[in-house]
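K.L.:
just the structure for this:
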Amino acid sequence: MNTEKRYSPEVRERAVQMVLEHQGEHGSQWAAIGSIATKFGCTAETLRRWVRQAERDRGLRAGVTTEERDRIKALEREVKELRQANEILRKASAYFAQAELDRRFKP
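P.N.:
Sure, this is the predicted structure:
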């Protein structure tokens, strides 16, 4: 099951916030993540991904933000739909052009 659906946005945000608040109390951010992940019942790797994405969203780390990622997905979906529509129109145009040629040359 996808972890985004298993954990609510509020739980994810709270876990990330706890990591950011308490990372100074641990030897490294990874140690803080490992400690806090057990409290939320998720794996350390899952929480690490949430933290990295939150850092990107807040401008603390380079990369694509959640908003940009969603926009890219929407644009890719739109491009796919437009390509399908163009393909349908191209085939229809060829079909009707052939029908017109067939009609002209019949005696």
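K.L.:
which SSE is immediately downstream of the helix or strand hosting Trp50?
P.N.:
Assigned by DSSP states H and E, Trp50 belongs to helix 44-57. Sequence order places helix 66-104 as the next helix or strand after helix 44-57, per DSSP H and E.
K.L.:
now do that following helix against helix 44-57, angle only.
P.N.:
An angle of 80 degrees separates the directions of helix 66-104 and helix 44-57 when computed by axes from the mean of the first three to the mean of the last three CA atoms, to 10 degrees.
K.L.:
so what's the gap between helix 66-104 and the chain middle?
P.N.:
Offset of helix 66-104 from its chain centre (CA atoms, centre = their mean, to the nearest Å): 24 Å.
K.L.:
could you give the mean pLDDT of it?
P.N.:
If you average the pLDDT over helix 66-104, you get 92.
K.L.:
elements contacting it?
P.N.:
Contacts defined by 3 or more CB pairs under 8 Å, 6 or more residues apart in numbering; DSSP states H and E place helix 66-104 against helix 44-57. Every residue, glycine included, has its C-beta placed from N, CA and C.
K.L.:
just list what the helix it packs on packs against, helices and strands only.
P.N.:
With contacts defined as 3+ CB pairs under 8 Å, 6+ apart, the packing partners of helix 44-57 are helix 9-22, helix 29-40, helix 66-104.
K.L.:
with distance to Arg49 and mean neighbour count added, can I get these in CSV?
P.N.:
Formatted as CSV, the entries for those read as follows, by distance: least, CB to CB, whole Å; neighbours: other CB atoms under 10 Å:
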stretch, distance to Arg49, mean neighbour count
helix 9-22, 10, 16
helix 29-40, 10, 17
helix 66-104, 12, 10
